[in-house]
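> When you get a sec, could you give me coordinates for this:
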Amino acid sequence: LRGRWSREGQFWLYPFPSHRESQVELREHIDSLATELCRINEDQKVALDLDPYVKKLLNARRRVVLVNNILQNAQERLRRLNHSVAKETVRRRAMLEAGGYQGK
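Down below sits the predicted model:
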């Protein structure tokens, strides 16, 4: 994850656009390889069974999609957590500045 520091000293996380882009490119490349293998299989005069390789490629694509979904969910949870921490920090800072700190 990448992030940036705010003026208030908070570190804000944001996802890597490059990770998402690379995963999309990987999925597209896997799809094109699977399509190409199917085309080669159809064009071959000698019977080559490329179906197992196509299935492996599609299985790899499925795993890439699964990992991408897990990463996106984790990034969203981190974003929400970071937002909650920032709100609490602002609230506590306001209490300190107002002299109303009760030592919670």
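> Residue 65 reaches residue 27, doesn't it?
Yes - if you go by C-beta atoms under 8 Å, residue 65 and residue 27 touch, sitting 6.7 Å apart. For every residue, glycine as well, the C-beta is placed using N, CA and C.
> Give me the neighbour count for residue 21.
10 (other C-beta atoms under 10 Å).
> Tell me which helix or strand the residue lying closest to residue 61 once chain neighbours are set aside sits in.
Nearest non-adjacent residue to residue 61, counting by C-beta to C-beta, 6 or more residues apart in numbering: residue 30, 4.3 Å away. Using DSSP states H and E, residue 30 falls within helix 17-43.
> Now that helix: average pLDDT?
Per-residue pLDDT over helix 17-43 has a mean of 79.
> can you tell me how far residue 64 sits from residue 80?
Between residue 64 and residue 80 the distance is 25 Å, computed by C-beta to C-beta, to the nearest Å.
> Mind naming the longest helix for this structure?
The residue-count maximum for a helix in the chain (DSSP state H) belongs to helix 51-98.
> Pull the distance from the helix holding residue 30 to the chain's centre.
19 Å (C-alpha atoms, centre = their mean, to the nearest Å).
> Work out the gap between the longest helix of the chain and the centre of the chain.
On C-alpha atoms, centre = their mean, the centre of helix 51-98 falls 7 Å from the chain's centre.
> coming back round to it: which ones are touching the residue nearest to residue 61?
Neighbouring residues of residue 30 by C-beta atoms under 8 Å, 6 or more residues apart in numbering: 57, 58, 60, 61, 64.
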